[in-house]
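[1] the sequence and its predicted three-dimensional model are supplied below.
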Amino acid sequence: MSERIVISPPERKILESRARARSGSVAEAMRSKIVLSLAAGNSQAHTSRTVGCGVNTVRLWKERFVKERLGGLYGRHRGRSRSKESVRLEARVLRLAQHKPTDGSTHWSTRKIAAAVGTNHVRVTRIMAKAGLQPHRLRRYLSSNDPEFEEKAADIIGLYLKPPVNAAVFCVDEKSAIQALDRLDPVLPLSPGRAERHGFEYYRHGTLSLFAALNTQSGQVLGKTSARHTSAEFVAFLEQIVASQTPAKEIHVIADNLSAHRTSKVWEFLERNRNVRIHYTPAYSSWLNQVEISFSKIQRDVIARGIFLSVKDLDRKLIRYIRSYNKKAKPFKWTYAQTARRIRIIKKSM
């Protein structure tokens, strides 16, 4: 048996990462697997069989690793040098991909670019993949135009990161017009090689609104359904939140700027309940409200593929899901990346 290779914990972590990486080089993954197998005490012959390479290949990369450690696992072959025509072709492809087509269409396809530069679409695909360009994809964004964005965002993020002592923080919102859809055709169940299939036609029994309050400290959701989502219904739900807490406990509510959240009935409720304070998110910044994450889970798990025989059936299934979710609920690990880009330190004048 050949001498066993000894690797350090940091080297093992890097090698294991390379060995299981799906986007890295296949050759690099093979070399990492060779070293890990030898470090486990396997022979060169056993390693060659499990990794799928020759014994000479195992011996080569073992020797290089012993001499140069991780630095010796890089390939020494520089590859074939590219011709000037290839470089010019690549430049033309990248230039076209980053500009709009002249035929009236909104974006390029690989076949359109291939026809324009006189090559095949497979080559164009490789060039754009190497440069990380994807003209066929589109992502939308929404930028807040609220002049008080920094102040409001910092206030809400502060409640997430360091809430007041002995206070409850709730993220509140409503998911309106949830349709109780009943499929007219039978559902074809999941089978090997075939996804579950729903008929295209449906019958709509009616709609329902779901009020939800996410407790940011426990992760549990307080839910209530309603036929409408008026200001009166919103105030009634706030009363339910207050009733769920101990008397006079300080309660902070995070809500968006919906008109139903800013009416005289809401101000009257706040006058009656001085321990409740509402923090409004900046305009076009619903992503700051953590309850939107709960709504996305409900949409995926209950609504998107749900079949509801009536509005009451929809109500029952929504509340049942929330109760089941609360049994194992955990607070979200909510983070905001690159705060320096959007949230500035506010200096108040004395």
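    Thanks, I have it.

[2] and the nearest residue to Tyr284 once chain neighbours are set aside, what does it touch?
    Counting by C-beta to C-beta, 6 or more residues apart in numbering, Tyr284 lies nearest to Ser144, which is 4.6 Å off, once chain neighbours are set aside. In this view, the C-beta of every residue, glycine as well, is placed from N, C-alpha and C. Counting by C-beta atoms under 8 Å, 6 or more residues apart in numbering, Ser144 makes contact with 282-285.

[3] show the pLDDT at Ser144.
    You'll see Ser144 listed with a pLDDT of 85.

[4] quick one: which of the contacts of Ser144 sit in strands?
    Of the contacts of Ser144, none are assigned to strands by DSSP state E.

[5] of those, buried ones?
    Buried residues within the contacts of Ser144, counting neighbours by 16 or more other C-beta atoms under 10 Å: 282-283, 285.

[6] now, these that are in helices?
    When DSSP state H is applied, those are split such that none fall in helices.

[7] in JSON lines: those residues, plus distance to Ala329 and pLDDT.
    Shown next, in JSON lines, are the buried ones among the contacts of Ser144 (distance: C-beta to C-beta, whole Å; pLDDT from 0 to 100):
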{"residue": "Pro282", "distance to Ala329": "27", "pLDDT": "92"}
{"residue": "Ala283", "distance to Ala329": "30", "pLDDT": "90"}
{"residue": "Ser285", "distance to Ala329": "25", "pLDDT": "88"}
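
[8] which one among these gets closest to Val6?
    Taking C-beta to C-beta as the measure, Val6 lies nearest Ser285 of these, at 53.6 Å.

[9] from Leu159, how far off is the closest residue to that closest one other than its chain neighbours?
    The shortest distance from Ser285 to any non-neighbouring residue, by C-beta to C-beta, 6+ apart, is to Ser144 (4.8 Å). Using C-beta to C-beta, to the nearest Å, Ser144 is found at 18 Å from Leu159.

[10] got it, and Gln290?
    The gap separating Gln290 from Leu159 is 10 Å, by C-beta to C-beta.

[11] which one among the contacts of Ser144 gets closest to Glu250?
    Closest to Glu250, out of all of those and judged by C-beta to C-beta, is Pro282, at 23.2 Å.

[12] re earlier: shared neighbours, Gln290 and Leu159?
    Joint contacts of Gln290 and Leu159 (C-beta under 8 Å, 6+ apart) are 216, 254.

[13] tell me which residues in stretch 214-228 are buried?
    Buried residues in stretch 214-228 (16+ other C-beta under 10 Å): 214-216, 219-226.

[14] follow-up on the earlier one: which secondary structure state is assigned to the residue nearest to Tyr284?
    coil (DSSP: H, G, I helix; E, B strand; the rest coil).

[15] okay, domains of this structure per the record?
    Annotated domains of the chain cover 9-73, 84-131, 149-334 [automatic domain parsing].

[16] mean confidence (pLDDT) on the second one, please.
    For domain 84-131, mean pLDDT is 93.

[17] and it, how far out from the chain middle?
    For domain 84-131, the gap between its own C-alpha mean and the chain's C-alpha mean amounts to 30 Å (C-alpha atoms, centre = their mean, to the nearest Å).

[18] and the contacts of Ser144, which is closest to Arg20?
    Closest approach to Arg20 among these (C-beta to C-beta): Ser285, at 38.0 Å.
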